[in-house]
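Participant: I'd like to go over a predicted model; first the sequence, then the structure.
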Amino acid sequence: MNNKEKNSNKYTTNKNVFPLIPLRNLVPFPHVEINLTFGRPKTSMAINVAYQNGKKVVLVAQRDPRTEDPKWNDYYHTGVLCEIEQ
């Protein structure tokens, strides 16, 4: 692969990158089915991206549920890879 081909693939989608959704007042666990309701616009966008790319998201617990627009340090960095069923 030459440099031009490498640069043209610079922004391709990686199949191991998933939308991240911080959850308020909830800690998700593996192999547990839960029903969730989402209200933040960024969360809705993450769900839409997941639906278009394999229906998988990463759920993490948010440190302070009052934070409306959580950043990197506002949620725990260990989460659960989930598949959306509906």
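Facilitator: Thanks, I have it.

Participant: how distant is the longest strand anywhere in the chain from the center of its chain?
Facilitator: In the chain, taking DSSP state E as the definition, the longest strand is strand 75-83. Centre-to-centre, strand 75-83 and its host chain are 8 Å apart (Cα atoms, centre = their mean, to the nearest Å).

Participant: List the buried residues in it.
Facilitator: 75, 79-80, 82 (16 or more other Cβ atoms under 10 Å). For every residue, glycine as well, the C-beta is placed using N, CA and C.

Participant: swap in stretch 67-77?
Facilitator: 70, 75.

Participant: hmm, who's touching the lengthiest helix in the chain?
Facilitator: Using DSSP state H to define each element, the chain has its longest helix at helix 41-52. Applying Cβ atoms under 8 Å, 6 or more residues apart in numbering, the contact partners of helix 41-52 are 18-21, 38, 56-57, 69, 84.

Participant: The same query, at a cut-off of 7 Å, please.
Facilitator: Under the criterion Cβ atoms under 7 Å, 6 or more residues apart in numbering, residues 19-21, 38, 56-57, 84 lie in contact with helix 41-52.

Participant: Next, the angle helix 41-52 makes with the longest strand of the chain.
Facilitator: With axes from the mean of the first three to the mean of the last three Cα atoms, to 10 degrees as the basis, strand 75-83 and helix 41-52 are set at 30 degrees to each other.

Participant: Show me what strand 75-83 is packed against.
Facilitator: Judged by 3 or more Cβ pairs under 7 Å, 6 or more residues apart in numbering; DSSP states H and E, strand 75-83 is in contact with strand 56-62.

Participant: Parallel or antiparallel, list what pairs with the strand it packs on.
Facilitator: Strand 56-62 has the following strand partners under DSSP bridges: strand 20-23 (parallel), strand 75-83 (antiparallel).

Participant: can you put those in JSON lines and add mean pLDDT and distance to P30?
Facilitator: Shown next, in JSON lines, are these (pLDDT from 0 to 100; distance: least, Cβ to Cβ, whole Å):
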{"stretch": "strand 20-23", "mean pLDDT": "94", "distance to P30": "15"}
{"stretch": "strand 75-83", "mean pLDDT": "93", "distance to P30": "6"}
